[in-house]
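Asker: heads up, no residue letters with this:
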């Protein structure tokens with residue numbers, strides 16, 4: 001099993017050090033994922049930038065969580081599902097929504113179900129949505145901006161999920177209680 005280096009402020013390449021310092025300041029610690037990404041400063045910077053842009057998108061916290069966790073679960077990311085479970089708790093997302101996303105069950109509202117279904121279709125079909133899928137998304141009350149913002153969130157999650165798959169990043173201690181495995 002491959003293990004990549006999880007850098008800290010002392011071991012990270014010089015260009016990554018300010019990025020890790022920003023992670024430390026924002027999180028009170030350096031997440032393992034950021035430590036791995038520090039091995040490629042441009043990757044860490046891209047990830048942090050995409051994260052900020054997606055958090056600042058037009059989605060509310062429930063919708064952000066739906067996009068993130070739909071992708072994390074579909075990609076079977078052992079690190080991101082627990083991390084985003086903890087983040088969802090910090091964002092005060094309802095436990096029912098958190099559980100539905102982790103367990104692959106129905107979303108609590110039809111609008112969130114459409115967001116989940118559309119996000120999943122974008123991932124599975126590599127962006128080739130049918131006219132009917134796009135129409136259903138708009139009929140649920142979403143607009144073009146949100147359709148494009150799903151792709152923004154997906155861009156962030158592809159980076160983190162794929163890095164974690166390759167690096168086998170250990171789940172951060174703070175999120176271990178939210179450990180997850182895809183149900184059979």
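Answerer: Cool, got the structure. In this text, all values refer to a predicted model and were calculated from it rather than measured experimentally.
Asker: what's the end-to-end length of stretch 93-107?
Answerer: 13 Å (Cα to Cα, to the nearest Å).
Asker: outside of that stretch, which residues touch it?
Answerer: Here stretch 93-107 makes contact (Cβ atoms under 8 Å, 6 or more residues apart in numbering) with 61-62, 65-66, 69-70, 73, 81, 85, 88-89, 108, 112-113, 115-116, 180, 182-183. Glycine gets a C-beta too; all of them are placed from N, C-alpha and C.
Asker: mind running it again at 6 Å?
Answerer: 61-62, 65, 69, 85, 88, 108, 113, 116, 180 (Cβ atoms under 6 Å, 6 or more residues apart in numbering).
Asker: can you pull the buried residues of that stretch?
Answerer: Applying a neighbour-count criterion of 16 or more other Cβ atoms under 10 Å, one finds 93, 97-98, 100-102, 107 buried in stretch 93-107.
Asker: and those as a markdown table, adding pLDDT and secondary structure?
Answerer: As requested, the buried residues of stretch 93-107 are arranged in a markdown table below (pLDDT from 0 to 100; DSSP: H, G, I helix; E, B strand; the rest coil):
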| residue | pLDDT | secondary structure |
| --- | --- | --- |
| 93 | 98 | coil |
| 97 | 98 | helix |
| 98 | 98 | helix |
| 100 | 98 | helix |
| 101 | 98 | helix |
| 102 | 97 | helix |
| 107 | 98 | coil |
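Asker: let's have those residues in TSV, adding distance to residue 142.
Answerer: Conversion of these to TSV gives the following (distance: Cβ to Cβ, whole Å):
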residue	distance to residue 142
93	19
97	17
98	21
100	19
101	18
102	23
107	14
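Asker: spatially central residue for this structure, please.
Answerer: For the chain, the residue lying nearest the average C-alpha position, counting by Cα atoms, centre = their mean, turns out to be residue 68 (3.9 Å).
Asker: and the gap between the closest residue to that residue other than its chain neighbours and residue 113?
Answerer: Nearest residue to residue 68 in three dimensions, chain neighbours excluded: residue 84, at 5.0 Å (Cβ to Cβ, 6 or more residues apart in numbering). For residue 84, the distance to residue 113 (Cβ to Cβ, to the nearest Å) stands at 19 Å.
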